[in-house]
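Enquirer: My questions are about this predicted structure, shown below with the sequence.
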Amino acid sequence: MQWEKMTPKEFSEYIKSGNRICILPIGSMEKHGEHLPLGNDTLKAYQYCLKASEKVRSVVMPPFYFTHVPMAVVQPGAINIPVSELLKHFELICDEIGRNGFSKIVLASAHGGNKTWLPALIKDMAVKDKNYHLFYYRIPLFIRSTVEKLFENQQDIGGHGGAAETAIGLYLFEDAVDKQEMVDQQPIYGNSADFDFGNSDNTYDFVRSYPRFYSGNPSKATRDIGKTLFNEAVDNFADTLRKIAAVDINALNSEKLQFFKKFNNPHLKPEDKNSI
């Protein structure tokens, strides 16, 4: 169910039904090679969420396009929002979702860069005693064991804008894919070997490794492959939603209560957790 398409009566009936699960699709606005649309991640996230919600009854919020893409700003069309602003913004959004009666909120992301701040958001919320419970689900680009069977050359699969991701785009929004640009845009990788930082990360790692903001060979993508990858990812997401739905909200609230007992008295011993 799409939040924006529900009538007030439908909305209230859903909340009264006891399910009370809301999904927030989160993507990005950035380049994925010359062939995919700038909203690629968000367009995918929304479709994953809508299809999964058909399998596990839940309400899907309108998708959120604008997130943290600091490296993408060197390419046309990127919209980058600082993490500090995103944390505040999504807390406000979740508070409003909770105020409307939802007890479980699933932040479903199809943009790899969101893994840097979404986990921080849900952990930060732990000490704020909200009237809802947050879950972060990272929608996988593909299932490795499956995708390896669909491509003869494993280097074609790639990641950011490669054959696998392009195939999903062809299945979901073929009209927005520039097929003339679906070529093997060599060089695939940049000059990441020019620097040796050991096992550390560096500010410009991504843009150094992927100067054209894609990896893989999109010319090998097909709509049929995209359908297979998409449906498998939807099934996996639906399995996760079923588990979230099955968790007793009273048990979650009880766990939170015990957390705040300890939070308000950090010297309380575990065996004394029920003594207050």
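Expert: Structure's in. What do you need?

Enquirer: residues touching residue 81, list them.
Expert: The contact partners of residue 81, taken as Cβ atoms under 8 Å, 6 or more residues apart in numbering, are 66, 67, 68, 89. C-beta: built from backbone N, CA, C; applies to glycine.

Enquirer: now do residue 77
Expert: 29, 30, 31, 38.

Enquirer: CA atoms of stretch 130-139 as CSV?
Expert: Output in CSV follows, covering the C-alpha atoms of stretch 130-139 (Å, rounded to 0.1, in the frame of the first residue of the first chain):
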residue,chain,number,x,y,z
LYS,A,130,10.7,6.7,20.8
ASN,A,131,7.2,5.2,20.5
TYR,A,132,8.3,3.1,17.6
HIS,A,133,11.1,0.6,16.7
LEU,A,134,13.5,1.1,13.8
PHE,A,135,14.9,-1.5,11.4
TYR,A,136,17.5,-0.9,8.7
TYR,A,137,17.4,-3.2,5.7
ARG,A,138,20.0,-2.9,3.0
ILE,A,139,18.5,-4.1,-0.2
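
Enquirer: For it, buried residues please.
Expert: 132, 133, 134, 135, 136, 137, 138, 139 (16 or more other Cβ atoms under 10 Å).

Enquirer: quick one: average pLDDT of it?
Expert: Mean pLDDT, stretch 130-139: 96.

Enquirer: lowest-confidence helix or strand of this structure?
Expert: Of all helical and strand segments in the chain, the minimum by mean pLDDT, DSSP states H and E falls on helix 205-209, at a mean of 78.

Enquirer: which parts of that helix are buried?
Expert: The neighbour-count criterion (16+ other Cβ under 10 Å) identifies 206, 207, 208 as the buried residues of helix 205-209.

Enquirer: ditto for stretch 155-167
Expert: Quick answer for stretch 155-167 (16+ other Cβ under 10 Å): 156, 157, 158, 159, 160, 161, 162, 163, 164, 165, 166, 167.

Enquirer: between those, which is closest to residue 214?
Expert: Distance to residue 214, by Cβ to Cβ, is smallest for residue 161 among the buried residues of stretch 155-167, at 3.1 Å.

Enquirer: quick one, phi/psi of the residue nearest to that closest one when sequence neighbours are not counted?
Expert: Excluding its sequence neighbours, the residue lying closest to residue 161 (Cβ to Cβ, 6 or more residues apart in numbering) is residue 214, at 3.1 Å. With angles defined as degrees, to the nearest 10, residue 214 sits at phi -160, psi 160.

Enquirer: Would you confirm that residue 214 contacts residue 33?
Expert: Yes - Residue 214 lies in contact with residue 33 (Cβ atoms under 8 Å); the separation is 3.4 Å.

Enquirer: Which parts of the protein are strands?
Expert: Using DSSP state E, the strands of the chain run over residues 21-26, 59-60, 104-109, 133-138.

Enquirer: how far does the third one sit from the chain's center?
Expert: The offset between the C-alpha centroid of strand 104-109 and the centroid of the whole chain comes to 8 Å, using Cα atoms, centre = their mean, to the nearest Å.
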